[in-house]
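K.L.:
Just a sequence and a predicted model for now, questions to come.
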Amino acid sequence: MQRNFQGTDRGKRVVTTGGTAVGTIVRVDGERARVLLDPERVESDRVDPTGDEAHRSTLTIDRRAVDHSTNEVVRLEADADPVGERRIA
């Protein structure tokens with residue numbers, strides 16, 4: 001990604017290079033963005049059994065891990081699959 005994350009990136013879907021959904025950007029801070037993981041991307045022992053989204057896992061991605069971005073989707077580089085990761089750089 002050639003630019004820092006911006007407020008307009010909030011709400012965009014994050015996908016792997018193969019198109020697998022990762023989650024949704026919920027917070028941006030310049031070079032980094034926080035992604036709320038989709039429930040199927042969260043390890044089962046980390047999922048809140050009540051289904052409360054406030055307890056769902058997030059991860060941080062760095063702009064260098066982004067291949068490209070559109071108005072709706074942020075696609076990660078080929079080697080940046082966040083499964084099991086908490087920070088992608």
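P.N.:
That came through fine. All values reported here derive from a predicted model rather than from experimental measurement.

K.L.:
Quick check: which element contains the most centrally placed residue in the chain?
P.N.:
A centroid search over the chain (C-alpha atoms, centre = their mean) returns Val35, at 3.6 Å, as the residue closest to the centre. Taking DSSP states H and E as the definition, Val35 sits inside strand 32-37.

K.L.:
Output that strand as CSV, restricted to C-alpha atoms.
P.N.:
Written as CSV, here are the backbone C-alpha positions of strand 32-37 (Å, rounded to 0.1, in the frame of the first residue of the first chain):
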residue,chain,number,x,y,z
ARG,A,32,-1.5,0.5,10.9
ALA,A,33,-5.1,-0.7,10.9
ARG,A,34,-7.0,-2.8,13.4
VAL,A,35,-9.1,-5.6,11.9
LEU,A,36,-12.0,-7.2,13.6
LEU,A,37,-11.7,-10.9,12.6
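
K.L.:
out of everything not next to it in sequence, what's closest to the residue nearest to the centre of the chain?
P.N.:
Gly23 (4.4 Å; C-beta to C-beta, 6 or more residues apart in numbering). Just so you know, the C-beta spots here come from the backbone N, C-alpha and C atoms, and that holds for glycine as well.

K.L.:
Would you confirm that that neighbour contacts Arg34?
P.N.:
No - in this structure, Gly23 is not within contact of Arg34 by C-beta atoms under 8 Å, at 9.4 Å.

K.L.:
Between those two, which has more neighbouring residues?
P.N.:
Shown here are Gly23 and Arg34; by other C-beta atoms under 10 Å, Gly23 has more neighbours (22 against 17).

K.L.:
partners of the more buried one in the sheet?
P.N.:
For Gly23, the beta-bridge partners under DSSP bridges are Val14, Leu37.

K.L.:
for this structure, what are the low-confidence residue spans?
P.N.:
1, 43-55, 80-89 (pLDDT under 70).

K.L.:
just so I have it, where are all the strands in it?
P.N.:
Using DSSP state E, the strands of the chain run over 13-15, 21-29, 32-37, 58-62, 66-69, 73-76, 87-88.
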